[in-house]
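A.B. asks: any chance you could fold what I've pasted below:
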Amino acid sequence: MEPRFSCTACGKCCHGWLPLTLTDAVAHAGRFPLAMVWTPVRSNARSYELATRLGASVRLPNRKTVAVLIVPTAYLPTAYPCPELRDDGLCGIHEDKPSRCRTMPFYPYREEKDQADLLIPRKGWQCDTSVAAPVVYSDHAILDRADFDRERDDLLDQAPAIQRYADYMLKYMPWIVDELAKMAAKPTGGNLVTSLSSFLTATRRPDAAEIAAAQAPLFQAMAERTKGDPALRDYHRNYVGWAKEMESLARRKPV
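C.D. replies: All right, here's what the predicted structure looks like:
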């Protein structure tokens, strides 16, 4: 049976981390507290070759090479809703929402032929996969593919900037290689989170101060919301530290 899928606007997927393209991250810098999320992809993974094109290749201490996806991400605790999710469960910026929201449930960090399992709703999600929903995937191909192709093209276009960022971070923060090696050795993998300010500094974006000025109050607000919650200690620490970094970056004059 060909997979069927339709969004019911239940809002269940609008919680926690939201991967973004660089274009969307910049466009929504005044909405989402942003971080850079590093995810190692081992050479035996089906998505390895694609990950080398979209991310960076990193040589580990054991001389093995992993691909690393480095993704601008709306950095929210798992239970926290998207800041633009309305009380009625609908998107407050539907006409201007990021590519990631438009492409769901498909995922351009995977090859197109490996998308079928993404059409199975996660526990608690109310997606319509009944016979009343349209067929969206057939013979390992996405049928209505405009949003998928747009997001994939944006990821390919930003890949050189992601590689420059990786080179900068591995040069000045070599401990990252050890962390990636630890995650790559785990059966479940893992993620490493670094600040958006480090990306803005490494890539010398001319709009860095403007982006930082938009980000600083978001981090300040999230630091206040997460204060005193032991389960969110890491989030709180990052929000506090990144707010200070963004405040400093916002005051810098363009070079």
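A.B. asks: distance between stretch 11-21 and the chain's centre?
C.D. replies: In this view, stretch 11-21 has its centroid 8 Å away from the chain centroid, taken as CA atoms, centre = their mean, to the nearest Å.
A.B. asks: show residues contacting it.
C.D. replies: Applying CB atoms under 8 Å, 6 or more residues apart in numbering, the set of residues contacting stretch 11-21 from outside is 28, 32, 34, 37, 71-82, 85, 89-91, 98-101, 104, 109, 122, 124-126, 151, 154-155, 158. The C-beta positions use only the backbone N, C-alpha and C, and glycine is treated the same way.
A.B. asks: other SSEs contacting the longest helix seen in the chain?
C.D. replies: For the chain, the helix that runs over the most residues, judged by DSSP state H, is helix 146-172. Other helices and strands packing on helix 146-172, by 3 or more CB pairs under 8 Å, 6 or more residues apart in numbering; DSSP states H and E, are helix 22-27, helix 48-54, strand 56-59, strand 65-74, helix 99-103, helix 175-185, helix 196-203.
A.B. asks: go again with 6 Å.
C.D. replies: For helix 146-172, the elements it packs on are helix 99-103, helix 196-203, judged by 3 or more CB pairs under 6 Å, 6 or more residues apart in numbering; DSSP states H and E.
A.B. asks: just the buried residues of the contacts of stretch 11-21.
C.D. replies: Buried subset of the contacts of stretch 11-21 (neighbour count, 16 or more other CB atoms under 10 Å): 28, 32, 34, 37, 71-77, 80, 82, 85, 91, 98-101, 109, 151, 154-155, 158.
A.B. asks: what comes up buried for the host helix or strand of residue 219?
C.D. replies: For residue 219, the element it lies in under DSSP states H and E is helix 208-226. For helix 208-226, burial by neighbour count (16+ other CB under 10 Å) applies to 208-216, 218-220, 222-223, 226.
A.B. asks: helix or strand right after it?
C.D. replies: Stepping forward along the backbone from helix 208-226, the first helix or strand reached (DSSP H and E) is helix 233-250.
A.B. asks: quick one, that following helix and helix 196-203 angle?
C.D. replies: With axes from the mean of the first three to the mean of the last three CA atoms, to 10 degrees applied, the angle from helix 233-250 to helix 196-203 works out at 40 degrees.
A.B. asks: quick one: mean pLDDT for helix 233-250?
C.D. replies: Per-residue pLDDT values over helix 233-250 give a mean of 98.
A.B. asks: pull the distance from that helix to the chain's centre.
C.D. replies: With CA atoms, centre = their mean, you get 18 Å for helix 233-250.
A.B. asks: re earlier: looking at the helices and strands packed on helix 146-172, which one is packed in the most?
C.D. replies: Greatest average neighbour count among these goes to helix 196-203 (a mean of 21), per mean count of other CB atoms under 10 Å.
A.B. asks: which strands and helices lie in contact with it?
C.D. replies: Contact here means 3+ CB pairs under 6 Å, 6+ apart; on that basis helix 196-203 packs against helix 146-172, helix 233-250.
A.B. asks: coming back round to it: could I get the helices and strands packed on helix 146-172 as JSON lines with distance to residue 182 and mean pLDDT?
C.D. replies: Listed next are the helices and strands packed on helix 146-172 as JSON lines, based on distance: least, CB to CB, whole Å; pLDDT from 0 to 100:
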{"stretch": "helix 99-103", "distance to residue 182": "28", "mean pLDDT": "97"}
{"stretch": "helix 196-203", "distance to residue 182": "20", "mean pLDDT": "97"}
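A.B. asks: minimum distance to residue 146: which of these has it?
C.D. replies: Using CB to CB as the measure, helix 99-103 is the one of the helices and strands packed on helix 146-172 that comes nearest residue 146, at 9.0 Å.
A.B. asks: strands paired with the following helix or strand past that closest one, and their directions?
C.D. replies: Proceeding C-terminally, helix 99-103 gives way to strand 137-138 as the next helix or strand, assigned by DSSP H and E. Using DSSP bridges, strand 137-138 pairs in its sheet with strand 141-142 (antiparallel).
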